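K.L.:
Next one to model:
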Amino acid sequence: MKRNIKLVIEFDGTAYHGWQSQENAVTVQDTLTAAVRRLTGENCSITGSSRTDTGVHALGFVCNFFTGSPIPADKFSFALNTMLPDDIRVVSSEEVPGDFHSRFSAKGKRYLYYIYNSTFASALLRHRAYHVYYPLDVDEMDRAAKHFIGTHDFLAFSASGYSAKTTVRTITEAKVSKVSQARHFVHPKGGQLIEFSVTGNGFLYNMVRIMAGTLVEVGFGKIRADDIPGILAGLDRRQAGRTAPPHGLYLAEVFY
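P.N.:
Below is the predicted model of the structure:
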C-alpha cells in the first residue's frame, strides 16, 4: 500500500510562474515533481494547498503525494533538498493518513504582504517587497485592516474571472505593523519595511493583493480607513484599491 507523504516547503517565487503546473512555463510544482520522480523512480502526482501567481513566495506551502518508496517519511526532506534548486526547500516531511489532502483538508491560511516604504527602492528587497516611495501612515493602515476581520462578502476584493462558488470568507486576523528586524536588510538611512498579516478560512483570487493595494491607498490618504466597510458592502471591485504586485506576497502557513 502506498504511503501519503506531506511536505512543507518554502520557495522564492521570482523564477517561477507560480505553483501550478503549466505548459511551456517553469513552475514550482513541476520542479518538485521532477525531484520526487528522480528520487523514487515513480511518476507521483503532487497536490498543492493552493495556487500561487508568478513571483509569489511561500514560507509554509503544503503539498502531498502517494509513494511506494521505502524511504523513511522524515528523510524525504533531506533527500529532496539535495535535488532541488536553491530557491526551493523542503522544510519538513512526514507520513499522514491516506485521506489527507493538502488543499481540501485545509481549514485556513495565513498570508504576509511586505511593503518597502522608502524614497528609493532597495537592491536587496527588489523581488521581496513592494516599493512605495510616498510616506505611509501605518497606524491608519492597521485601523483599516481591522475592518476586514469577520465574515464578509469579499467580491470587491476579488479579481475578475474568479471560479469560487461563493465570495463570502471569514477573516480571523488582519494587522499592519512595522518590521523592526528589517534593519538586517534596510540601510540605516533607508526606509521602513511594513508587514500586512492576514489569516482566514479561505481567500479569493488576488484577494490578499487587492487588500494590500487598498491598504497602501489608505496609507497615503486616497482611501479612508472608515471607507472599508462601505467598500465591502458595495461589492464593487472598482471601489477598492489597486492590486498590489505579486512579489510582496508570501503564503506563510496553512492550517489543518
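K.L.:
Quick one: mean pLDDT for stretch 114-133?
P.N.:
For stretch 114-133, mean pLDDT rounds to 94.
K.L.:
What are the buried residues along it?
P.N.:
The neighbour-count check on stretch 114-133 (16 or more other Cβ atoms under 10 Å) flags Tyr114, Ile115, Tyr116, Asn117, Ser118, Ser122, Leu125, Arg128, Ala129, Tyr130, His131, Val132 as buried. Where C-beta positions appear, they are placed from N, C-alpha and C, glycine not excepted.
K.L.:
What is the burial count for Phe255?
P.N.:
When neighbours are defined as other Cβ atoms under 10 Å, Phe255 has 14 of them.
K.L.:
and the closest residue to it other than its chain neighbours, what does it touch?
P.N.:
The shortest distance from Phe255 to any non-neighbouring residue, by Cβ to Cβ, 6 or more residues apart in numbering, is to Gly108 (4.3 Å). Taking Cβ atoms under 8 Å, 6 or more residues apart in numbering, we find Gly108 in contact with Thr172, Thr199, Gly200, Asn201, Gly202, Val254, Phe255.
K.L.:
cool, Pro97 as well?
P.N.:
Neighbouring residues of Pro97 by Cβ under 8 Å, 6+ apart: Asn4.
K.L.:
what are the ranges of the helices in the stretch 151-256 of the chain?
P.N.:
Using DSSP state H, counting those that start in this stretch, the helices of the stretch 151-256 of the chain run over 207-219, 228-234.
K.L.:
Same question for the stretch 1-150 of the chain.
P.N.:
Going by DSSP H, counting those that start in this stretch, the stretch 1-150 of the chain shows helices at 28-40, 76-81, 138-145.
K.L.:
picking up where we left off before, selection in ChimeraX covering whichever of the contacts of Gly108 are buried, please.
P.N.:
Buried residues within those, by 16+ other Cβ under 10 Å, are selected in ChimeraX with:
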select :199,200,202,254
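K.L.:
Quick one: low-confidence residue ranges for the stretch 101-250 of the chain.
P.N.:
Within the stretch 101-250 of the chain, the stretches with pLDDT under 70 are 161-162, 181-185, 187-188.
K.L.:
switch the cut-off to 90
P.N.:
For the stretch 101-250 of the chain, the stretches flagged by pLDDT under 90 are 160-165, 180-191.
K.L.:
Residue nearest the middle of this structure, spatially speaking?
P.N.:
Nearest residue to the geometric centre of the chain (Cα atoms, centre = their mean): Leu251, 2.6 Å.
K.L.:
just the strands in the protein please.
P.N.:
3-11, 47-48, 57-67, 88-96, 108-117, 130-132, 150-153, 168-178, 192-200, 249-255 (DSSP state E).
K.L.:
who does the fifth one pair up with?
P.N.:
For strand 108-117, the paired strands and their directions (DSSP bridges) read strand 130-132 (parallel), strand 192-200 (antiparallel), strand 249-255 (antiparallel).
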